[in-house]
Structure formats: C-alpha cells, structure tokens
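# following is a predicted model, sequence given first.
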Amino acid sequence: MNFGSSTPWSLGVEEELYLVDPVTLDTAPVFDHGVGSPPRLKPELFAALVETTTPICRDAGEVLGELGRLRAQASARAAAAGASVVAIATHPLARGQGQPIVNEPRYKKMVAELGDAVYRQFVCGLHVHVGVPSREASLRALEGLLPWLPTAISLAANSPFVEGEDSGLRSVRISRLAELPSGGPSATRSTGMSTVASGTTPRGRRRIPDGSQRSAVSPSRRHARSAAGRSSRSCSSAVRRRSGSLSSAPPPRSGMRSSDP
C-alpha cells in the first residue's frame with residue numbers, strides 16, 4: 001500500500017450506472033459498443049453497466065462537478081450506442097439471471113468461482129474513496145465511521161424493488177452484497193491491516209476474485225485509502241417515521257423490512 005501518495009482527505013468517487021433502452025427502459029448490454037473510455041468510463045461485471053471514475057479531487061464540490069461531467073460523457077457515449085444511462089441502485093424490473101457478462105479475465109474468474117450466484121450482483125453503487133496519510137489513520141477513520149453506519153445506511157436506502165417485485169426491504173442492494181464471500185464487517189484495528197494484506201475477510205473467508213471488500217465502509221487495498229459509504233444508493237435501511245420526522249436505529253439484520261415498526 002502506498003499511503004500518503006495523495007493529499008490527506010482528498011476524494012475519489014466511482015459511480016456505477018445502468019445502461020437501458022431509452023424507450024422501454026429494459027437493460028441494454030451495450031458497454032462493448034463504444035461506451036467505455038478508460039480511465040474515466042470503465043467496465044463493470046455486467047455489459048449493461050458502466051462505471052465512472054473521478055480523478056482525485058480536493059473536496060466534495062469538485063467531486064460533484066466531476067460526477068456531473070462524467071454522467072454527461074457516459075450519457076453521450078451510451079446514446080451513440082442506442083442506450084441511456086440511469087443512476088439507481090437496483091433495476092426494478094430486470095432479471096439478473098442471464099445478463100451478459102463483460103468479456104474480461106477477472107469477470108470470467110468471478111463467474112467460475114461464484115457460479116449462478118454472480119447474477120444476484122446485478123446492482124449499482126457509488127463508492128467514495130478518502131485519501132489518508134497512513135495505515136493507522138485509515139483504521140482510526142474506519143473505527144470512527146462504524147458507529148455512524150446505521151444512520152448513513154438509513155439515509156441512503158433507496159432500492160426497495162428488484163426483479164419486478166417489492167423486496168420488502170428498503171434497500172435490497174446491501175442484502176445482495178452480503179451474500180458474497182467478501183460481504184460483512186470490515187477490518188478494524190483488532191483484526192488489523194493483516195486482514196487487508198492477506199486478502200481474507202474478518203470472517204476468515206476468501207475475498208472475491210477482484211480482491212475488494214463489499215462492505216459499507218472498508219480499507220482499500222488498491223488505493224491505500226478508506227473506501228467509505230459505499231454509496232448514496234447502496235445501503236439497507238432502518239429509517240422509521242415518528243411524529244412526522246425521520247429517525248434511525250441500528251438495523252437488526254441485513255435490510256430492515258418495510259413492514260417493521
């Protein structure tokens with residue numbers, strides 16, 4: 001890991017977008033039809049997705065400007081391929097099973113290792129990477145964020161529908177991510193950077209082939225950063241209405257059901 005290579009607390013954001021038919025809104029697996037433009041428009045697991053990646057930014061305002069620019073660029077390239085882009089956590093109607101996979105070795109390896117379970121990961125997120133000066137600072141930041149995750153998760157929930165059904169969850173996306181071998185709690189100082197360096201999860205299970213951790217917040221092996229708040233579209237919910245105002249409580253399980261009190 002190369003800590004300190006960027007300004008402390010600088011930001012880099014990745015946003016995943018669906019590619020859809022502009023009339024029917026069905027998924028359009030056209031990424032390989034000229035949508036990609038490295039390094040800012042990159043492939044994801046499925047051909048009906050595109051990932052935008054900002055450069056390293058000084059602050060949230062600069063991030064917002066870059067995200068807008070990249071959405072416009074992705075939209076223009078998708079339009080040239082006969083598609084539109086949509087920023088949502090789960091496609092409310094599309095079936096994951098059988099979605100075309102991008103023809104790259106790491107994705108072929110994921111399919112080989114996960115089998116049909118890989119199709120349950122037809123979801124999108126927005127990932128915020130925060131530059132930190134050292135490994136210790138990364139873990140301190142992680143531990144500081146963890147107590148606030150129920151609140152952040154509650155405010156971020158927005159994926160109740162999946163594969164043509166009401167999931168009964170305010171965010172089904174985080175439940176889908178939890179199914180992966182790398183899902184679940186992130187490393188803290190008690191498990192330490194040895195967890196990150198060895199490629200195992202705190203549960204002792206191997207990570208998925210691309211080496212990443214599918215958690216709401218985690219250290220990043222690739223970028224020597226804390227990967228925080230894995231999306232404004234990503235998380236399960238414990239949001240409840242009381243006396244006309246929003247409140248939050250730690251979810252007792254992965255994705256609180258909308259019928260819960």
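Cool, got the structure.

# pLDDT-wise, which helix or strand of this structure ranks last?
Using mean pLDDT, DSSP states H and E, strand 239-242 stands out as the lowest-scoring helix or strand of the chain, at a mean of 26.

# would you mind measuring from Ile56 to Lys42?
Ile56 is 16 Å from Lys42, where distance means Cβ to Cβ, to the nearest Å. In short, each C-beta sits where N, CA and C put it, glycine included.

# one more: Glu62?
Per Cβ to Cβ, Glu62 is found 20 Å from Lys42.

# Trp9 too?
24 Å.

# neighbour-wise, which of those two wins?
Between Trp9 and Lys42, counting by other Cβ atoms under 10 Å, Lys42 is the more crowded of the two (18 against 14).

# dump the residue contacts of that one.
Gly36, Val50, Glu51, Thr52, Thr53 (Cβ atoms under 8 Å, 6 or more residues apart in numbering).

# how close does it get to Glu14?
Distance from Lys42 to Glu14, by Cβ to Cβ: 8 Å.

# any shared contact partners between these two?
Shared contacts of Lys42 and Glu14 (Cβ under 8 Å, 6+ apart): Glu51, Thr52, Thr53.

# you'd agree Gly36 is up against Leu49?
No - using Cβ atoms under 8 Å as the test, Gly36 is too far from Leu49 to be in contact (10.8 Å).

# the two: who's more crowded?
Leu49 (24 against 16).

# what's the local residue count around the closest residue to the more buried one other than its chain neighbours?
In this structure, Leu49 finds its nearest non-sequential neighbour in Glu16, 5.7 Å apart by Cβ to Cβ, 6 or more residues apart in numbering. Glu16 has 23 neighbours, counted by other Cβ under 10 Å.

# what are the phi and psi angles of Glu16?
phi -100, psi 130 (degrees, to the nearest 10).

# neighbours of Pro29, just the number please.
Residues lying near Pro29 (other Cβ under 10 Å) number 16.
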